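Trainee: Sequence first, then the predicted structure, then my questions.
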Amino acid sequence: MVDRATAPAVIAFDLDGTLVDTAPDLLDTLDVVLDEAGAPRLAREDTRKMIGAGARALVQRGLDAAGIRLDKPEADQLYERFLEHYAAHIADSSAPFPGLIPALDALTAQGHVLAVCTNKLEYLSRLLLDRLGLTERFAVIAGADTFKVHKPDAGHLIGTIERAGGHVERAVMVGDSVTDVLTARNARVPVIVVPFGYTDTPAAELGGDVLIEHFDLLPQTVERLLSPAGWRAARA
């Protein structure tokens, strides 16, 4: 059991659309597998909004939008093909969002522990962060398959925080989607929303505690939410 009195503050980040702009490589891979399934190419402004619930959901959403119906073995085979191709091209074009690295440096200097809580599979999350030189910045990288549950189940975020040595009363979630907001609400953790992710709902309408337009604002926003007044307001 984590002692909340001595636990460090844990800042848990979503990955796709929050830490890293992964859309180019994800959607290039989706194009490849849809081509192989005989589906027409879909517009990027449509497929970008399909990201966020994991690779299997992305493939299925792409098939549905293209009007392609596959039986389960065929769909499973296409999903495995997606994972194979994506792993080989995971950081061809993906890059951290502007301002991320200085913000992570500032949070670490403030004594906070950083973690990743994502619905991307753990091995793909680690592979991506390895390729971008970011892995060592995070005490924990928890993917969709790390625990028995995944976002928006509170257990995914709570498990991530506790594995990082923290407690929910000294934690903040940072994400870009309604899934991240629901996860934080379910865990009773304050949530900061960023607007550059992959959601068809405007970031201002996701229901986060704070919306920041740029990572330059992240360190000071985290400090405000971790203060006693900020913590109470987030749970009011």
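Mentor: Good, I have the coordinates.
Trainee: domain parsing for the chain?
Mentor: 10-21+94-234, 23-88 (automatic domain parsing).
Trainee: Pick the most buried one from these.
Mentor: Highest mean neighbour count of the domains of the chain: domain 10-21+94-234, a mean of 20 (counted as mean count of other CB atoms under 10 Å). From N, CA and C alone the C-beta is placed, and that goes for glycine too.
Trainee: Next one: residue 89 from residue 104, what distance?
Mentor: Separation of residue 89 from residue 104 (CB to CB, to the nearest Å): 25 Å.
Trainee: What of residue 74?
Mentor: In terms of CB to CB, residue 74 sits 41 Å off from residue 104.
Trainee: Residue 131 too?
Mentor: Distance from residue 131 to residue 104, by CB to CB: 17 Å.
Trainee: Also residue 7?
Mentor: Taking CB to CB, one finds residue 7 at 20 Å from residue 104.
Trainee: Surely residue 172 is in a strand?
Mentor: Yes - applying DSSP: H, G, I helix; E, B strand; the rest coil, one finds residue 172 inside a strand.
Trainee: Could you list the low-confidence segments of this protein?
Mentor: In the predicted model, the chain carries pLDDT under 70 at residues 1-6, 229-236.
Trainee: at 90 what do you get?
Mentor: 1-8, 35-57, 59, 63-72, 74-75, 78, 197-201, 227-236 (pLDDT under 90).
Trainee: Most distant residue from the centre of it?
Mentor: residue 38 (30.1 Å; CA atoms, centre = their mean).
Trainee: and that one, what is it in contact with?
Mentor: residue 68 (CB atoms under 8 Å, 6 or more residues apart in numbering).
Trainee: can we see that at 10 Å?
Mentor: With contact set as CB atoms under 10 Å, 6 or more residues apart in numbering, residue 38 has these partners: 66, 68.
Trainee: measure it to residue 67 for me?
Mentor: Residue 38 is 11 Å from residue 67, by CB to CB.
Trainee: One more: residue 10?
Mentor: Counting by CB to CB - residue 10 and residue 67 are separated by 43 Å.
Trainee: CA-only coordinates of the longest helix anywhere in the chain in PDB, if you can.
Mentor: Determined from DSSP state H, the single longest helix within the chain is helix 72-88. Output in PDB follows, covering the C-alpha atoms of helix 72-88 (Å, rounded to 0.1, in the frame of the first residue of the first chain):
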ATOM      1  CA  LYS A  72     -13.300 -12.800 -37.200                       C
ATOM      2  CA  PRO A  73     -10.300 -14.800 -38.500                       C
ATOM      3  CA  GLU A  74      -9.900 -12.400 -41.400                       C
ATOM      4  CA  ALA A  75     -10.200  -9.400 -39.100                       C
ATOM      5  CA  ASP A  76      -7.700 -10.900 -36.600                       C
ATOM      6  CA  GLN A  77      -5.300 -11.500 -39.500                       C
ATOM      7  CA  LEU A  78      -5.600  -7.900 -40.700                       C
ATOM      8  CA  TYR A  79      -5.000  -6.700 -37.100                       C
ATOM      9  CA  GLU A  80      -1.800  -8.800 -36.800                       C
ATOM     10  CA  ARG A  81      -0.700  -7.400 -40.200                       C
ATOM     11  CA  PHE A  82      -1.300  -3.900 -38.900                       C
ATOM     12  CA  LEU A  83       0.800  -4.600 -35.800                       C
ATOM     13  CA  GLU A  84       3.600  -6.000 -37.900                       C
ATOM     14  CA  HIS A  85       3.800  -3.100 -40.300                       C
ATOM     15  CA  TYR A  86       3.300  -0.500 -37.700                       C
ATOM     16  CA  ALA A  87       6.100  -1.900 -35.500                       C
ATOM     17  CA  ALA A  88       8.500  -1.700 -38.500                       C
END
